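Trainee: What follows is a predicted protein model with its sequence.
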Amino acid sequence: MNERIVEKLSSLGQDVVESSQEFRGDLTVALKTETIVSACMLLRDDPELAFDMLIDLTAVDRYRPEARFEVVYHLYSLKNRHYLSLKVHTNEDHPEVPSVTGVWPAANWHERETFDMFGIKFTGHPDMRRLYMPEEFEYYPLRKDFPLMGVPDSLPLPRR
């Protein structure tokens with residue numbers, strides 16, 4: 001099944017698949033950032049693959065200059081009982097990734113949470129605003145350069 005997934009994703013165009021890796025039967029595929037929506041549509045709509053569920057969407061801060069953030073998508077096929085992870089990279093200067101809310105509406109909250117915690121914007125998202133932190137909060141708490149003890153006086157805290 002894993003070989004078939006990589007083969008079908010590669011059919012989208014040359015160099016769409018940057019890399020693929022299998023570990024204990026689970027496949028992870030790194031894709032070009034601009035192809036994530038078309039790849040997700042293919043994975044959802046192909047009757048043989050039928051990845052009809054977005055389990056999770058999150059990010060990883062690699063703290064590297066060339067591709068600091070990885071956005072990770074965890075998919076599941078009910079028909080095949082098969083998991084798949086997709087990854088796309090984005091840089092620190094313009095952390096933007098196309099939104100997959102048109103493919104899986106469940107991505108809405110996941111993308112908002114990732115934006116709120118990492119500052120990665122999802123272009124085409126219907127309601128890109130903060131989920132946990134106040135709108136005026138200018139920091140992103142899950143970035144590696146965020147201070148462990150927080151930013152003093154960045155948010156007014158309630159008195160005891």
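Mentor: Good, I have the coordinates.
Trainee: Let me know the secondary structure of the residue nearest the centre of the chain.
Mentor: Centroid-nearest residue in the chain, with CA atoms, centre = their mean: Val71, separated by 3.2 Å. Three-state call for Val71 (DSSP: H, G, I helix; E, B strand; the rest coil): strand.
Trainee: where along the protein do the strands fall?
Mentor: Using DSSP state E, the strands of the chain run over residues 17-23, 26-31, 53-61, 69-77, 82-90, 96-98, 121-123.
Trainee: Just the pLDDT for the residue nearest to the centre of the chain.
Mentor: pLDDT for Val71: 98.
Trainee: Which positions are bridged to it in the beta structure?
Mentor: Partner residues in beta bridges with Val71: Ala59, Val88, with DSSP bridges as the criterion.
Trainee: surely it meets Glu96?
Mentor: No. Proximity of Val71 to Glu96 does not meet the contact threshold set by CB atoms under 8 Å, at 10.1 Å. Just so you know, the C-beta spots here come from the backbone N, C-alpha and C atoms, and that holds for glycine as well.
Trainee: packing partners for the longest helix belonging to the chain?
Mentor: Counting by DSSP state H, the longest helix found in the chain is helix 107-118. Taking 3 or more CB pairs under 8 Å, 6 or more residues apart in numbering; DSSP states H and E as the contact definition, the neighbouring helices and strands of helix 107-118 are strand 53-61, strand 121-123.
Trainee: most tightly surrounded among those strands?
Mentor: Mean neighbours per residue, mean count of other CB atoms under 10 Å, is largest over the helices and strands packed on helix 107-118 for strand 53-61, with a mean of 18.
Trainee: coming back round to it: now do the residue nearest to the centre of the chain against Asn108, distance only.
Mentor: In this view, Val71 and Asn108 are 15 Å apart by CB to CB, to the nearest Å.
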